[in-house]
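Student: Build the 3D model from these lines:
(one chain, ligands or ions: 1)
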Amino acid sequence: MNERFTARVSDPKVAHDMRVLADFVSIWCDGNHADQPRTAARTDAAVLGTYGRKRHVLCAECAAHLAYAEKRRAYCGQDPKPFCAHCDTQCYTASELEWQRGMMRYSGPRSWRHGHAIDGIRHLLEARKYRRRADAKEETP
Ligand SMILES: [Zn+2]
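Tutor: Predicted coordinates:
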């Protein structure tokens, strides 16, 4: 773990996004990998205390995806940051992006029951805004 990561995690916006991310990955892992060996994830953000006392019990695969996503979020230069799915500067590798899209599609609708109603609504509104913008682009010759 380097100093830059540690400094970025102290930004409340970055920490908030990481908490949402970790909860979403937990919902996905709970629903899909309950039969796998799972332990409380010791990602960099978890070690730094970003998740407080909350433990995200994940399989090894999901923990690796979360660790990757934490780094991408920490080093994101966009401000304000759009949701990753709508970002023009795609910093994820193709396979990580595909994994995250599938995970979000599963966890997004289920996150309402896990205390993420506000984030769910924000996500929905922003997705709509970007869809409109994309439609408008297609219409202009
Ligand atoms: Zn998993």
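
Student: what about the spatially most central residue of the chain, helix or strand, and which?
Tutor: Nearest to the geometric centre of the chain sits residue 21, at 3.3 Å (C-alpha atoms, centre = their mean). Secondary structure from DSSP states H and E places residue 21 in helix 12-32.

Student: In space, what's closest to the residue nearest to the centre of the chain - neighbours in sequence excluded?
Tutor: Distance criterion C-beta to C-beta, 6 or more residues apart in numbering; nearest residue to residue 21, sequence neighbours excluded, is residue 69 at 5.5 Å. In this view, the C-beta of every residue, glycine as well, is placed from N, C-alpha and C.

Student: For that neighbour, which three-state class applies?
Tutor: Of the three states, residue 69 takes helix under DSSP: H, G, I helix; E, B strand; the rest coil.

Student: tell me the contacts of it?
Tutor: 21, 25, 96, 100 (C-beta atoms under 8 Å, 6 or more residues apart in numbering).

Student: ok, now residue 70?
Tutor: Applying C-beta under 8 Å, 6+ apart, we find residue 70 in contact with 18, 21, 43, 44, 45.

Student: What is the most widely separated pair among those residues?
Tutor: Farthest-apart pair in the contacts of residue 70 is 21 and 44; separation 12.7 Å (C-beta to C-beta).

Student: tell me which helix or strand of the protein sits lowest on mean pLDDT?
Tutor: Across the helices and strands of the chain, mean confidence by mean pLDDT, DSSP states H and E is lowest for helix 117-139: a mean of 71.

Student: quick one: it to helix 12-32, angle?
Tutor: Comparing the axes of helix 117-139 and helix 12-32 via axes from the mean of the first three to the mean of the last three C-alpha atoms, to 10 degrees yields an angle of 100 degrees.
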